[in-house]
Every structure is written in C-alpha cells, then in structure tokens.
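Visitor: Just need the structure, nothing else, for what follows:
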Amino acid sequence: MNIEVCMSRQCGSEPALRANIDAALKEEGEVADVIYTRLDEFQAAARNLQGSPAILIDGEPVQPTASAGFS
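Guide: Residues are numbered from 1 along each chain as shown. This is a model prediction of the structure:
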C-alpha cells in the first residue's frame with residue numbers, strides 16, 4: 001500500500017497526522033510506504049488536490065473533494 005499525504009506549506013497538522021496514520025496502520029496490521037509532501041497552491045492545483053492535508057491511498061483520494069482551495 002502507498003499513502004501520499006500532500007499538505008500546504010503552512011499546514012500545521014503534520015505531527016498529529018503522522019501519529020494518526022502510524023496508529024491506524026498498526027491497529028489494522030497494515031504496512032505502507034507513506035510519503036509526506038509540502039506543496040504550494042500552484043502545485044496542488046496542478047494535481048487537482050482539494051484541502052490540506054490531501055491523503056491518497058494507492059493514488060486515490062480518501063476524503064471528499066467538495067472542499068474548495070488548498071490551504
């Protein structure tokens with residue numbers, strides 16, 4: 001499994017997010033390659049990402065995409 005976490009440069013949720021992902025993987029007995037990436041709004045728009053953090057599992061977003069903007 002591959003998990004990509006894309007965050008805006010000013011997103012402050014990375015420490016808690018790392019802990020939550022680690023805990024969820026451990027609880028489920030899963031192993032994953034997790035990549036954390038900081039993006040600016042132009043990079044996020046080029047990838048059609050909505051919201052920060054944007055989390056993708058095996059390339060598919062796991063949260064609703066109805067939110068506007070990347071901040």
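Visitor: For stretch 46-53, which residues meet the burial criterion?
Guide: Of all the residues in stretch 46-53, those buried under the rule 16 or more other Cβ atoms under 10 Å are Leu49, Gln50, Gly51, Ser52, Pro53. Quick note: C-beta positions are derived from backbone N, CA and C, even for glycine.
Visitor: Quick one: distance of it to the chain centre.
Guide: Centroid separation between stretch 46-53 and its chain, computed with Cα atoms, centre = their mean, to the nearest Å, is 9 Å.
Visitor: first vs last residue of it, how far apart are they?
Guide: As for stretch 46-53, its first-to-last residue distance stands at 16 Å under the measure Cα to Cα, to the nearest Å.
Visitor: what's the helix or strand containing Gln43 packed up against?
Guide: Element membership of Gln43 [criterion: DSSP states H and E] is helix 41-46. Packing partners of helix 41-46 (3 or more Cβ pairs under 8 Å, 6 or more residues apart in numbering; DSSP states H and E): strand 2-8.
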